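Asks: sequence unknown, structure follows:
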């Protein structure tokens with residue numbers, strides 16, 4: 001049985017970074033995709049290695065906006081058994 005402590009987002013991010021599970025947040029537009037030298041070489045040679053990306057959202061409305069605009073975000077979540085739900089609009 002797992003007992004999980006309450007963590008802030010920054011604590012969660014730091015733990016993942018320390019464990020070697022993730023890199024720091026970077027901007028794909030301005031920084032590019034973080035690649036290994038081998039992946040860079042594959043791209044240079046015309047291949048297309050798969051690089052998994054986790055999108056960080058500012059809030060749940062940004063998450064919903066991405067899911068409404070990017071169907072792979074929905075079906076990849078669904079394929080992993082993650083719940084995909086819309087935010088109820090205020091009446």
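Replies: Received, thanks. Owing to the predicted nature of the structure, the values given are computational and were not obtained by experimental measurement.
Asks: and the gap between the closest residue to residue 34 other than its chain neighbours and residue 35?
Replies: Closest residue to residue 34 apart from its sequence neighbours, by C-beta to C-beta, 6 or more residues apart in numbering: residue 23 at 5.4 Å. All C-beta spots, glycine's among them, are computed from the backbone N, C-alpha and C. Between residue 23 and residue 35 the distance, using C-beta to C-beta, to the nearest Å, works out to 11 Å.
Asks: out of the two, which sits in the more crowded spot?
Replies: Comparing residue 23 with residue 35 by neighbour count (other C-beta atoms under 10 Å), the higher total belongs to residue 35, at 13 against 10.
Asks: right, and the more buried one touches residue 47 too?
Replies: No - because the distance of 12.0 Å does not satisfy C-beta atoms under 8 Å, residue 35 is recorded as not touching residue 47.
Asks: Got the confidence number for the spatially most central residue of the chain?
Replies: Nearest to the centroid of the C-alpha atoms of the chain, with distances taken as C-alpha atoms, centre = their mean, sits residue 54, at 1.1 Å. For residue 54, the model assigns a pLDDT of 90.
Asks: cool, and residue 85?
Replies: pLDDT, residue 85: 82.
Asks: hmm, back to that, pull the contacting residues for the residue nearest to the centre of the chain.
Replies: By C-beta atoms under 8 Å, 6 or more residues apart in numbering, the contact set of residue 54 is residue 22.
Asks: do that again at 10 Å, thanks
Replies: Contacts of residue 54 were listed using C-beta atoms under 10 Å, 6 or more residues apart in numbering, and they are 16, 22-23, 25.
Asks: cool, residue 12 as well?
Replies: Applying C-beta under 10 Å, 6+ apart, one finds that residue 12 lies in contact with residue 22.
Asks: okay, now the closest residue to residue 39 other than its chain neighbours: neighbour count?
Replies: On the basis of C-beta to C-beta, 6+ apart, the spatially nearest residue to residue 39 that is not a chain neighbour turns out to be residue 49, at 4.9 Å. Here the neighbour count serves as a burial measure; for residue 49 (other C-beta under 10 Å) it reads 12.
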